[in-house]
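Peer 1: any chance you could fold what I've pasted below:
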Amino acid sequence: MEETVPSVEAYEAAMVLSGVGDALGYRGGRWEYCTSGPQIHAELAELGGLEAITLQPPEWPVSDDTILHLATAEGLATGTSQLRPGEPGGYRIPFNPTGTGCGAAMRSLAIGLRYPHAWELPTLIRVSIESGRMTHHHPTGYLGALAVALFGALGARGEPPERWGAELLRVLPLAWDYVEGAGVAVGDNAAAWPFFGDAWHRYLESRGLLEGRGPPQVPSLPSPAERDAAYLGWALEGWPGRSGHDAPMVALEALLAAGGCWEDLCARGVLHGGDNDSTGTIAAGCWGLRGGLAPVPPGLHCCLEHRGRLRDAAHRLHALAWGRC
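Peer 2: You can find the predicted model right below:
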């Protein structure tokens, strides 16, 4: 099937809005660590809503999520791939039974933008897993990186979000083949492997998306409290969006529910109780591939910290991925 070539503006929107979702959800640490979606939305109303906000330091800096995403994007554009070049396997760390966090997931959208083609799937699997387990050597952690990279690739080539989860389940056995073949802590990885796929199978089944066909059966969840309760049901250790499995899950839920509405995307994927700067980075970045910058209030992106670097990284990634198409 012929792939749709995305515009460079779509890549720019994806990278810039990933920073917007981060800065908005972070709010200098005030909202990142807030467990109450209702409180966040009440404070947003006091600020005058999204239209009244200008995201810029010192009140609205980006967090480490954007810094690490930028580092990943710029590394992909320049060829950097190792933490300790020259030392065999120097970028690998031991298996970590607690390495389930979303830190690998929130920085991996750029991997999908760099390797968006269907024929590049083995490379996307390898790069996302190895990038992920540089810091999160646990399947729940590094498979989050694979999920977000895959969502970026699918979004870049025009696949609608209702297909993304089913494709992720299809790719997981290929990911295991890679992990087993790499021969690093295979026993530990095998023992911890099932949780991620089982969690995603349950989620997709509940949304009628196991086969990747719509329309998705997404509950309305009109209030912040209802969304908090739903996301809490997917979470580890009572912190929605904190882990590698549920950060992309919250982001996908927001994309499915919001469609083309930026405000709904923010309400569901960014402004909730939990690790909302990480889910915001993923959700807003993926949304940008389809929605672009035009529907977004200018104050949210025109003065964004590191906007120029995000834009430049997007242009380089687009040229590398699609320049010969």
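
Peer 1: so, low pLDDT: which residues of the stretch 51-200 of the chain?
Peer 2: Across the stretch 51-200 of the chain, the stretches falling below the confidence threshold (pLDDT under 70) are 80-91.

Peer 1: what about the helices in it?
Peer 2: Shown for the stretch 51-200 of the chain, the helices assigned by DSSP state H, counting those that start in this stretch span residues 64-78, 109-114, 121-133, 139-156, 164-182, 186-192, 194-206.

Peer 1: who wins for proximity to residue 266 among the ones you listed?
Peer 2: Closest to residue 266 of the helices of the stretch 51-200 of the chain, according to C-beta to C-beta: helix 64-78, at 15.7 Å. Heads up, the C-betas are built off the backbone N, CA and C, glycines and all.

Peer 1: name the helices or strands packed onto the closest one?
Peer 2: helix 8-26, helix 109-114, helix 276-291, helix 307-322 (3 or more C-beta pairs under 8 Å, 6 or more residues apart in numbering; DSSP states H and E).

Peer 1: dump the third one to PDB, keeping only the CA atoms.
Peer 2: Translated: helix 276-291. Included here for helix 276-291 are C-alpha records, laid out as PDB according to Å, rounded to 0.1, in the frame of the first residue of the first chain:
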ATOM      1  CA  ASN A 276       0.300  14.700  32.900                       C
ATOM      2  CA  ASP A 277       3.400  16.400  31.400                       C
ATOM      3  CA  SER A 278       4.500  13.000  30.100                       C
ATOM      4  CA  THR A 279       1.100  12.000  28.700                       C
ATOM      5  CA  GLY A 280       0.800  15.500  27.400                       C
ATOM      6  CA  THR A 281       4.100  15.300  25.500                       C
ATOM      7  CA  ILE A 282       2.900  12.100  23.800                       C
ATOM      8  CA  ALA A 283      -0.700  13.100  23.100                       C
ATOM      9  CA  ALA A 284      -0.100  16.600  21.900                       C
ATOM     10  CA  GLY A 285       2.800  15.500  19.700                       C
ATOM     11  CA  CYS A 286       0.800  12.700  18.000                       C
ATOM     12  CA  TRP A 287      -2.200  15.100  17.600                       C
ATOM     13  CA  GLY A 288       0.100  17.600  15.900                       C
ATOM     14  CA  LEU A 289       0.800  15.100  13.000                       C
ATOM     15  CA  ARG A 290      -2.900  15.400  12.000                       C
ATOM     16  CA  GLY A 291      -4.200  18.600  13.500                       C
END
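
Peer 1: any idea which residue sits dead centre in the chain?
Peer 2: By C-alpha atoms, centre = their mean, the chain has its centre lying nearest to residue 282, at 2.9 Å.

Peer 1: got the contact list for that residue?
Peer 2: Contacts here follow C-beta atoms under 8 Å, 6 or more residues apart in numbering; on that basis residue 282 touches 18, 21, 105-106, 109, 148, 151, 247-248, 251, 269.

Peer 1: gap between the spatially closest residue to it that is not a sequence neighbour and residue 319?
Peer 2: Setting aside the residues directly before and after it, residue 282 is nearest to residue 251 in space (C-beta to C-beta, 6 or more residues apart in numbering), at 3.9 Å. Between residue 251 and residue 319 the distance, using C-beta to C-beta, to the nearest Å, works out to 26 Å.

Peer 1: which one of the two has more residues nearby?
Peer 2: Higher neighbour count among residue 251 and residue 319: residue 251, with 33 against 13, using other C-beta atoms under 10 Å.

Peer 1: any idea of the pLDDT on the more buried one?
Peer 2: Residue 251 is assigned a pLDDT of 98 by the prediction.

Peer 1: what of the one 5 residues further on?
Peer 2: Model confidence at residue 256, expressed as pLDDT, equals 97.

Peer 1: the inter-axis angle of the helix or strand containing it versus helix 194-206?
Peer 2: Following DSSP states H and E, one finds residue 256 within helix 246-258. Put simply, helix 246-258 runs at 10 degrees to helix 194-206, going by axes from the mean of the first three to the mean of the last three C-alpha atoms, to 10 degrees.

Peer 1: now helix 246-258, how far from the centre of its chain.
Peer 2: Chain-centre distance of helix 246-258: 9 Å, with C-alpha atoms, centre = their mean, to the nearest Å.

Peer 1: which residues touch that helix?
Peer 2: Contacting residues not belonging to helix 246-258 are listed as 102, 105-106, 144, 147-148, 151, 161-162, 164-165, 199-200, 203, 207, 216, 218, 221, 230-231, 234-236, 240-241, 264-265, 267-270, 272, 274-275, 278-279, 282-283, 286-287 [C-beta under 8 Å, 6+ apart].
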